[in-house]
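[1] How does the following fold in three dimensions:
(2 chains)
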Amino acid sequence: MSKYIPNTEAQQNEMLSEIGMSGIEGLFSGIPGNVKLKRELDIPKAMSEMEVTVHMRDLAGMNGNMDEYTCFMGAGAYDHYIPSVVNHLVSRQEFYTAYTPYQPEISQGTLQAIFEYQTMICNLTGMDAANASMYDGATALAEAASMACHSTKRNKILVAKSVHPESREVLHTYSRFNGNQIAEYGYKDGKVDVADLESRLSADMAAVIVQTPNFFGVIEDLKELAELVHKNKSLLIVSCDPISLAILKSPGELGADIAVGEGQSLGNPLSFGGPYLGFFAVKKELMRKTPGRIVGETADKEGRRGFVLTVQTREQHIRREKATSNICSNQALNALTATIYLSTLGKQGLKNVALLCAKKAHYAYEQLIETGLFSTAFNAPFFKEFALKYKGDVAQLNNKLLEHKIIGGYDLGKKYPDLENSWLLAVTEKRTRKEIDRLIGKVAVL
Amino acid sequence: MIKKDQLLIFEISKPGRTAYSLPECDVPEAEITDLIPACLLCENDIELPEVGEVDVIRHFTRLSLKNHGVDSGFYPLGSCTMKYNPKINEDIARLDGFAKVHPYQQAETVQGCLKLLYETDKMLAEITGMERVSLQPAAGAHGEATGLMIIKAWHESKGDFKRKKIVVPDSAHGTNPASAAVVGFEVLEVKSDELGGVDLEALKSLMGDEIAGLMLTNPNTLGLFDDKILAIADIVHQAGGLLYYDGANANAIIGISRPGDMGFDVVHLNLHKTFSTPHGGGGPGSGPVGVKKELVPFLPLPVIECKDDVYYQDYNRPLSIGRVKSYYGNFGVIVKAYTYIRSLGPDGLRSVSQAAVLNANYIMHKLKEYYYLPYDRTCMHEVVFSGQKQKELGVSTLDIAKRLLDFGYHPPTIYFPLIVKEAIMIEPTETESKETLDEFIAVMKQIAEEVKTNPEMVKGAPYHTAVSRLDEARAARNPVLVYTPPAGSKSENRR
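    Predicted coordinates:
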């Protein structure tokens, strides 16, 4: 018997005889013989804990990790520092082995943490209400688009080409099936092309999507755009980097009706792309159209403050095909991670992280330009990520850097043919001057 | 008055207190306004807590103690498969070679990750009887939507655009109809027969050239295996539709029966149920989708392939539905499931389902005298009772669930499936001992007795939890979803 099954064979036999069965096969007599598997599954034999540990270490060892390599890759997933307390706390079994807080009396820990998370997301984004998380930034954006179509009763979405390519891909996949129409508008010198947007606005436009800092790292000035969008009675969906919000104007201030984004930066390991979390926040008017779990404050019979899942009539388990979304499981533990991260960094710490990122990124930018091998791709302000035009081949450059244990930047030409050999570099607070100088040194001699 | 142990992190905040340490800036100092135009910068600091490291630790430790997890005690939440989450899986997912890997690193630096994904795909394909499996979907419902997109794309690839309806049984999980709707299908409900299976005549009457497929859970949400499954598959296939398998209940059949052999064309699994990855207080999950050979070209991008022992992501798949999530799925969750499958092997997995089914039948047998059992036949991994006997005495299923809290149990799933009145859905899983089951059974009998002798007491439960019953109506009527500092306090949110 496996170590995860406590009952001994003798106990199983005892239980079988109690229920009047002679053998365990009898339990499966309701499954017709012609759909039963008459052989063993063709998968590798069991391994002991020692063996599986060695096997998994070998697999992990085939990957280059961020302790061995210096990472200048960002493009939506960032190598930020994770304080030690974060992993200690999210490793508490009471958090990670529980499920959705359906029974509030024994789930106040999860519920209060989500309430705190919702508050922090609203404070960061300048919005009124937030849900308990979505699968990731890309699906949060796709859900925002669906919600905008439902609430405006229009079916067209305009998305900026400077939004993360994978987010746009998810948006296109969802819309192919849900009947909404997605069109893209362009960029000019790295920023949204407002004239292009204006020419594409129409009366059936449910929402306009913009990302800031955008995929090129450029900080968008959304004033003019927001006015155009709202004049058209469309909703403005802003996707943003939560770390940047410690110093940049919030989506709420910029006029967003829905703010979404990838929350990985908030204490979640890179983990080859997941699990991350999508945050999702709205203005008050849209609260009851929001997808996913929402926690609200209330009181118990004795008048003590407590928290519950609320406004559930939006959700699939009540509304079935009429629900605002099909989401059930979300990324609760990742949202808890974000909450602990934001509590640990706090008001000053998050700002300091953002300032360090900005200063180091600008230092790296200046130094790279000085090598004479790069020119600026866009004449536009940036936060922690920036694009450069390289005189040579970016893929080759990255391969050369890899030999020196440096993960170089994202090759923008892969998704933007007009930006061939443009290199997108991210510099977080983790990168030291020494590491940046080493990058410059290696780049210069290649 | 709010007691100290109930304070929010914002309420223990003290200006100037910190829980972080960061290195000094080692690049030339600059004013932020010299780097970024002032008009783009915010004017006020974000309102976030100012607390010390000990505050953070004590606050979240205190919160955790108000939770019940699988490690705390029995958690027979039907349909959720709250089995034990092996600790070794947690250690493995935290290895630097998995946790500290960027999704856009060059392929030669992520061969271990790609190999793991490829092998998980192949093993899950074997377990379900499918050809290939996409590991992209982040949860069960996400898997459902992805699978339904594949079904729609397959019909459309044959020039058939009129199949806009999906049939879903009245016993189905709420996510089934919701997923069908978000993918643009119209939902037709088919009723269950007196044995809890799909009513064949009702199903036949719904068939036609507008039917894209049928979504089915087998064993179904009553915990019963529908033995007419091949006939059901035949009816749907004859009408030109496809069969979708909701793998929420797969813990009953691993190594015993495969959806592929039952006639299903598309399957999703919940790694956070059957394959032991933790539920995380609501997620992250992982909802891989497997398909038969003919549907492989429609799988989401990218598909991991292997050539001459080199693993790579294949994006050149013109019929693919496209991307459904960033990057490659909830990788960290997949690592845990992979570790679990490799730890158990074929025998271990089969014994999981055997033990899970035995535990459920044992509970059914021991409690059916005390709680009404609407479908009295051998069940699979879970058993559905009805609290209707107790309801007649004025005590609802909700009251019984709340009373269970006082004994340190997480209650079963209640009021689901919808086709059973006052439903009590118990899924013990294989990781519980006979001793645990016997104690639970004794408590359930005691509550049944209390309902007769002291119903008012049961209706007032729970008595031994951090809070008593909460006013959910008030929360919904006047939603308070964020903390607002008391008027006049210094902190100003920028909301």
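
[2] give the contact list for residue 79.
    With no chain named, the answer covers chain A. Contacts for residue A:79 (C-beta atoms under 8 Å, 6 or more residues apart in numbering or on different chains) come out as A:66, A:71, A:73, A:270, A:426, A:428, A:430, B:102. The C-beta positions use only the backbone N, C-alpha and C, and glycine is treated the same way.

[3] please go with chain B instead
    B:173, B:221, B:248-249, B:382, B:413, B:416, B:425, B:427.

[4] would it count as being in a helix?
    No - using DSSP: H, G, I helix; E, B strand; the rest coil, the assignment for residue B:79 is coil, not a helix.

[5] residues near the residue in the stretch 1-150 of chain B that chain A sits nearest to, how many?
    Nearest residue of the stretch 1-150 of chain B to chain A: residue B:97, at 2.7 Å (C-beta to the nearest C-beta). Other residues lying near residue B:97 total 23 when counted by other C-beta atoms under 10 Å in any protein chain shown.

[6] measure it to residue A:36 for me?
    For residue B:97, the distance to residue A:36 (C-beta to C-beta, to the nearest Å) stands at 40 Å.

[7] Would you map out the domains in chain A?
    With domains defined by automatic domain parsing, chain A comprises A:70-82+A:347-445, A:84-340.

[8] picking that back up, closest to residue B:433 out of the contacts of residue A:79?
    The closest of those to residue B:433 turns out to be residue A:270 (C-beta to C-beta; 38.9 Å).

[9] So the closest one is in contact with residue A:264, correct?
    Yes - Residue A:270 lies in contact with residue A:264 (C-beta atoms under 8 Å); the separation is 7.5 Å.

[10] what is in contact with those two at once?
    Common neighbours of residue A:270 and residue A:264 (C-beta under 8 Å, 6+ apart) are A:77-78.

[11] re the thing from before, okay, the domains of chain A, which one's buried deepest?
    domain A:84-340 (a mean of 23; mean count of other C-beta atoms under 10 Å in any protein chain shown).

[12] per-residue confidence averaged over it?
    Throughout domain A:84-340, pLDDT has a mean value of 96.

[13] Straight-line length of that domain, end to end?
    End-to-end span of domain A:84-340 (C-alpha to C-alpha, to the nearest Å): 11 Å.

[14] would you list every one of the helices in the stretch 201-350 of chain A?
    For the stretch 201-350 of chain A, applying DSSP state H, counting those that start in this stretch gives helices covering A:223-231, A:251-254, A:316-319, A:332-370.

[15] domain assignment for chain B?
    B:4-64, B:89-343, B:351-469.

[16] Would you mind putting the ones you listed into CSV with mean pLDDT and distance to residue A:174 alongside?
    Below are these laid out as CSV (pLDDT from 0 to 100; distance: least, C-beta to C-beta, whole Å):
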stretch, mean pLDDT, distance to residue A:174
domain B:4-64, 96, 31
domain B:89-343, 97, 8
domain B:351-469, 97, 27
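
[17] how about residue A:233, what does it touch?
    Here residue A:233 is in contact with residue A:152 (C-beta under 8 Å, 6+ apart).

[18] Now do the contacts for residue B:389.
    By C-beta under 8 Å, 6+ apart, the neighbours of residue B:389 are B:371-372.

[19] and it, what are its phi and psi?
    Phi and psi for residue B:389, reported as degrees, to the nearest 10, are phi -60, psi -40.

[20] State the distance from it to residue B:352.
    33 Å.

[21] go on, residue B:14?
    Distance from residue B:14 to residue B:352, by C-beta to C-beta: 50 Å.

[22] returning to what we had before: now the residue of the stretch 1-150 of chain B closest to chain A: which helix or strand?
    Taking DSSP states H and E as the criterion, residue B:97 maps to helix B:96-99.

[23] could you point out which element follows that helix?
    By DSSP H and E, the next helix or strand past helix B:96-99 is helix B:111-128.

[24] Against which helices or strands is the helix or strand just after that following helix packed?
    Later in the chain than helix B:111-128, the nearest helix or strand by DSSP H and E is strand B:132-134. On a contact count with 3 or more C-beta pairs under 8 Å, 6 or more residues apart in numbering or on different chains; DSSP states H and E, strand B:132-134 meets helix B:111-128, strand B:289-291.

[25] Need the winner for burial among these.
    strand B:289-291 (a mean of 31).

[26] what does it contact?
    By C-beta under 8 Å, 6+ apart, strand B:289-291 touches B:124-125, B:128, B:130-134, B:136-137, B:143, B:146-147, B:150, B:260, B:265-269, B:298-300.

[27] Longest strand in chain A, by number of residues?
    Longest strand in chain A, counting residues (DSSP state E): strand A:205-212.

[28] Direction included, what does that one pair up with?
    Here strand A:205-212 is paired, per DSSP bridges, with strand A:156-160 (parallel), strand A:235-240 (parallel).

[29] and the angle from the first one to helix A:223-231?
    This means strand A:156-160. Using axes from the mean of the first three to the mean of the last three C-alpha atoms, to 10 degrees, the inter-axis angle of strand A:156-160 relative to helix A:223-231 is 180 degrees.

[30] moving C-terminal of strand A:156-160, what's the next helix or strand?
    Heading C-terminal from strand A:156-160 (DSSP H and E), you reach helix A:165-178.

[31] what sits up against that following helix?
    Outside helix A:165-178, the residues that reach it (C-beta under 8 Å, 6+ apart) are A:76, A:137-139, A:141-142, A:145-146, A:157, A:159, A:161, A:180-182, A:184, A:209, A:211, A:215, A:239, A:415, B:148-149, B:152, B:182-184, B:300-301, B:321-327.

[32] out of those residues, which are inside helices?
    Applying DSSP state H to these, the entries found in helices are A:137-139, A:141-142, A:145-146, B:148-149, B:152, B:182.

[33] Tell me which two in these are the farthest apart.
    Most distant of these, by C-beta to C-beta, are A:137 and B:152, 25.3 Å apart.

[34] Do a quick rundown of the strands in the stretch 1-150 of chain A.
    With DSSP state E, counting those that start in this stretch, the ranges of strands along the stretch 1-150 of chain A come out as A:70-71, A:129-130.

[35] Next: chain B.
    All strands of chain B, identified by DSSP E, fall at B:132-134, B:165-169, B:186-190, B:211-216, B:242-247, B:266-269, B:289-291, B:303-307, B:310-314, B:383-386, B:413-414, B:423-426.

[36] Switch those over to a markdown table; also include distance to residue B:108.
    Shown next, in a markdown table, are the strands of chain B (distance: least, C-beta to C-beta, whole Å):
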| stretch | distance to residue B:108 |
| --- | --- |
| strand B:132-134 | 23 |
| strand B:165-169 | 43 |
| strand B:186-190 | 46 |
| strand B:211-216 | 41 |
| strand B:242-247 | 34 |
| strand B:266-269 | 30 |
| strand B:289-291 | 28 |
| strand B:303-307 | 14 |
| strand B:310-314 | 8 |
| strand B:383-386 | 51 |
| strand B:413-414 | 47 |
| strand B:423-426 | 49 |
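
[37] quick one: the helix ranked longest in chain B to helix B:111-128, angle?
    In chain B, taking DSSP H as the definition, the longest helix is helix B:331-367. Orientation check (the same axes, to 10 degrees): helix B:331-367 against helix B:111-128 gives 30 degrees.

[38] now helix B:331-367 against helix A:332-370, angle please.
    Using the same axes, to 10 degrees: helix B:331-367 against helix A:332-370 is 180 degrees.
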